[in-house]
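Enquirer: Structure, please.
(chains A and B, ligands or ions: 1)
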Amino acid sequence: MTNKINLKICVGTMCYVMGGAELKDAIETLPAELTEHLNITYSPCLGCCETQRPPLIEINGKRIAGVSKINLIQIVKEEIRNAV
Amino acid sequence: MKNNDNFIEVDFFQKNKAGNVVCGDSFMSQKLKGEGRIISVLSDGLGSGIKACVLSTLTVTMAMNFTAMNESILQTSKSIMNTLPKDMVRKISYSTFCICDIDCFANVKIIEYESPAYYLFRRGQFIDVPKKKIPVEREDLGNTFLWISEFKLEKEDRIIFFSDGVSQSGMGSASMPFGWEDGAKTYIAGLVNQRNDISAKELAHKIVAQAEKNDGYSLKDDTSCCVIYMRKPRNLLVCTGPPFDEKNDKYLANRVKEFRGRKILCGGTTATIISRELGLKMEVDMDIVDKELPPLSHMEGVDLVTEGILTLGKVERILTSGNTEFHKEAGPAEQVVRMLLDSDKITLLVGTRINIAHQDPNLPVELEIRRNVVKKIKYLLETKYLKDVEIMYI
Ligand code: FES
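Expert: I've put the predicted structure just below:
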């Protein structure tokens, strides 16, 4: 796989208090073979917390709302699987 | 003080006599907004510990209130002396004071009673201001005088006054058998000539620290120092919240761009607007220093970029607590506080658009309304930290 997967975690106020604060920790529990495919960045408010359920992430341009530690890991794994 | 673009910084620092939990010196400074006056009072109570603390607290409070009401100084000192409780052993009621009253035209009046003489440092040297000597009649103690001096404060002037913990520090040691005395002048002149923009806060800290050193790191008396410094104001802009009307985004961005002074953006959406309007790149830091708060961001031309409401809430809590001495590894809120306290004139530019999601009662934390937090911060900065603050809503 050549291109890395871009994972943006929203750390705007709403997302942060609704669990976004812990999302990066969740990713850090993944094995290095997986995380090396990721390019993780933080983002200020993505502007959707008024209509969608925080916390939000953006993975390769797709916005996903209501992310938890557990489903984030699944989302990431799936995205990597699709990419390889 | 707003006239001719000068700002008067008043700061103070003290340390207790070694082993004492309370300080026998008291200090109070107040800005009378309507009149543009700044009154500062320092008093040293007889002895040390609680008794001294009660005496000096009474003294500064009375001196402050009487001065603010323009009561004559003789009446003021008489009232203070009649009010102070008498010492059981020595049968006197005694505390020193130094009142510094500066009006809106920078006219200074200093009244000293039994306190070490103040210093006026101007253009690299100490100036001796002629003083009027007024005898004080009291039954318990003869030969005491009020010393009154009046002069006009000039830009870059510093007034320094302190308790005898400073002037008598080191007394009895081989190098200064009679105490620090004029050595203090040499020390202060050295500091200011080395760095002529040294703040009142830093200078007061340094003087007390040196006095402690003179005493072999175990202070023999309560030691207090107040520094008043008139200088060009250090401006700070704190911009928080998106404008109510999106049409004003451009206006907001230009205000930020054109502001002369340091700049803080508090709020992700606010920062995104500025970044978009001015074409400045913004990057969110990957380091979370303070778990309670989202991380800082970085933007060229802006000194500090933080999250909004959570950070401001914490700023307010820190300012209320008064615990403002931090270590190097300070989180976003501490960094905001540091910049606020290092400034004189603070403009709070507050966007009034409300994020509806913030009002959701199911949130795990309560998010305050931006306007309210900002108002509280303004109040604290003005009353507790003597800053000039203005709020502008947009
Ligand atoms: S805070 Fe994440 S979308 Fe608004």
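Enquirer: Please report how far B:Glu139 lies from B:Leu74.
Expert: Separation of B:Glu139 from B:Leu74 (Cβ to Cβ, to the nearest Å): 16 Å. For the C-beta atoms, the positions are set from N, CA and C on the backbone; glycine is no exception.
Enquirer: So which of these two has more stuff around it?
Expert: Between B:Glu139 and B:Leu74, counted using other Cβ atoms under 10 Å in any protein chain shown, B:Leu74 has the larger neighbour count: 12 against 7.
Enquirer: okay, now the nearest residue to B:Leu84 once chain neighbours are set aside: neighbour count?
Expert: Residue nearest to B:Leu84 in three dimensions, not counting chain neighbours: B:Ser93, with 3.6 Å by Cβ to Cβ, 6 or more residues apart in numbering or on different chains. Using other Cβ under 10 Å, B:Ser93 has 21 neighbouring residues.
Enquirer: The one 3 residues further on too?
Expert: B:Thr96 has 21 neighbouring residues, counting by other Cβ under 10 Å.
Enquirer: Quick one: name whatever helix or strand follows the helix or strand in which it is found.
Expert: B:Thr96 is part of strand B:95-102 when elements are defined by DSSP states H and E. Following strand B:95-102 in sequence order, the next helix or strand is strand B:107-113 (DSSP H and E).
Enquirer: average model confidence for that following strand?
Expert: For strand B:107-113, mean pLDDT is 96.
Enquirer: For the residue in chain A that the ligand sits nearest to, which non-adjacent residue is spatially closest?
Expert: Per Cβ to the nearest ligand atom, A:Gly12 is where chain A lies closest to the ligand, at 2.5 Å. Among residues not flanking A:Gly12 along the chain, A:Cys45 sits closest, at 2.9 Å (Cβ to Cβ, 6+ apart).
Enquirer: Wait, that neighbour touches A:Ile9, no?
Expert: No: the pair A:Cys45 / A:Ile9 is not scored as a contact, 12.0 Å apart, by Cβ atoms under 8 Å.
Enquirer: Give me the common contacts of those two.
Expert: Residues touching both A:Cys45 and A:Ile9 (Cβ atoms under 8 Å, 6 or more residues apart in numbering or on different chains): A:Cys15.
Enquirer: same for the helix or strand of chain B with the lowest mean pLDDT, what does it pack against?
Expert: For chain B, the helix or strand with the lowest mean confidence is helix B:73-83, at a mean of 87 (criterion: mean pLDDT, DSSP states H and E). On a contact count with 3 or more Cβ pairs under 8 Å, 6 or more residues apart in numbering or on different chains; DSSP states H and E, helix B:73-83 meets helix B:49-68, strand B:95-102, strand B:132-136, strand B:144-152.
Enquirer: Out of those, which is the most enclosed?
Expert: Mean neighbour count (mean count of other Cβ atoms under 10 Å in any protein chain shown) peaks for strand B:95-102 among the helices and strands packed on helix B:73-83, with a mean of 24.
Enquirer: Run me through the strand neighbours of it, direction for each.
Expert: Partners of strand B:95-102 in the sheet, by DSSP bridges, are strand B:37-45 (antiparallel), strand B:107-113 (antiparallel).
Enquirer: The ones you listed into a markdown table, with extra columns for distance to the ligand?
Expert: Output for those, formatted as a markdown table (distance: least, Cβ to the nearest ligand atom, whole Å):
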| stretch | distance to the ligand |
| --- | --- |
| strand B:37-45 | 43 |
| strand B:107-113 | 52 |
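Enquirer: Out of those strands, which is the most enclosed?
Expert: Ranked by mean neighbour count under mean count of other Cβ under 10 Å, the strands paired with strand B:95-102 are led by strand B:37-45, which reaches a mean of 26.
Enquirer: where exactly do the helices run in chain A?
Expert: Along chain A, counting by DSSP state H, helices occupy A:13-17, A:23-28, A:32-35, A:69-83.
Enquirer: Which stretch among these is buried most, on average?
Expert: Of those, the one with the most neighbours on average (mean count of other Cβ under 10 Å) is helix A:13-17, at a mean of 27.
Enquirer: in the stretch 251-394 of chain B, which spans are strands?
Expert: For the stretch 251-394 of chain B, strands defined by DSSP state E, counting those that start in this stretch occupy the ranges B:262-266, B:282-284, B:297-299, B:304-306, B:345-350, B:388-393.
Enquirer: The second one and the ligand, any residue contact?
Expert: No: residues of strand B:282-284 are not located near the ligand by Cβ under 6 Å from any ligand atom, the shortest gap being 11.8 Å.
Enquirer: Give the pairing partners of that strand; include direction for each.
Expert: Here, using DSSP bridges, strand B:282-284 pairs with strand B:297-299 (antiparallel).
Enquirer: And for the partner strand, what's in contact with it?
Expert: Residues from elsewhere that reach strand B:297-299 (Cβ under 8 Å, 6+ apart): A:44, B:265, B:268, B:271, B:274-275, B:280-285, B:305-306.
Enquirer: would JSON lines of those residues with distance to B:Glu181 be doable?
Expert: Output for the contacts of strand B:297-299, formatted as JSON lines (distance: Cβ to Cβ, whole Å):
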{"residue": "A:Pro44", "distance to B:Glu181": "57"}
{"residue": "B:Leu265", "distance to B:Glu181": "49"}
{"residue": "B:Gly268", "distance to B:Glu181": "56"}
{"residue": "B:Ala271", "distance to B:Glu181": "53"}
{"residue": "B:Ile274", "distance to B:Glu181": "54"}
{"residue": "B:Ser275", "distance to B:Glu181": "57"}
{"residue": "B:Leu280", "distance to B:Glu181": "55"}
{"residue": "B:Lys281", "distance to B:Glu181": "57"}
{"residue": "B:Met282", "distance to B:Glu181": "55"}
{"residue": "B:Glu283", "distance to B:Glu181": "55"}
{"residue": "B:Val284", "distance to B:Glu181": "55"}
{"residue": "B:Asp285", "distance to B:Glu181": "50"}
{"residue": "B:Val305", "distance to B:Glu181": "49"}
{"residue": "B:Thr306", "distance to B:Glu181": "47"}
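Enquirer: Show me which of these is closest to B:Gly170.
Expert: Proximity of the contacts of strand B:297-299 to B:Gly170 (Cβ to Cβ) peaks at B:Thr306, which lies at 44.6 Å.
Enquirer: Get me the contact residues on chain B for chain A.
Expert: Residues of chain B found near chain A (Cβ under 8 Å from any Cβ of the partner chain) are B:268-269, B:271-272, B:282, B:284-286, B:288, B:291, B:293-295, B:297, B:307-310, B:355-358, B:363-365, B:367.
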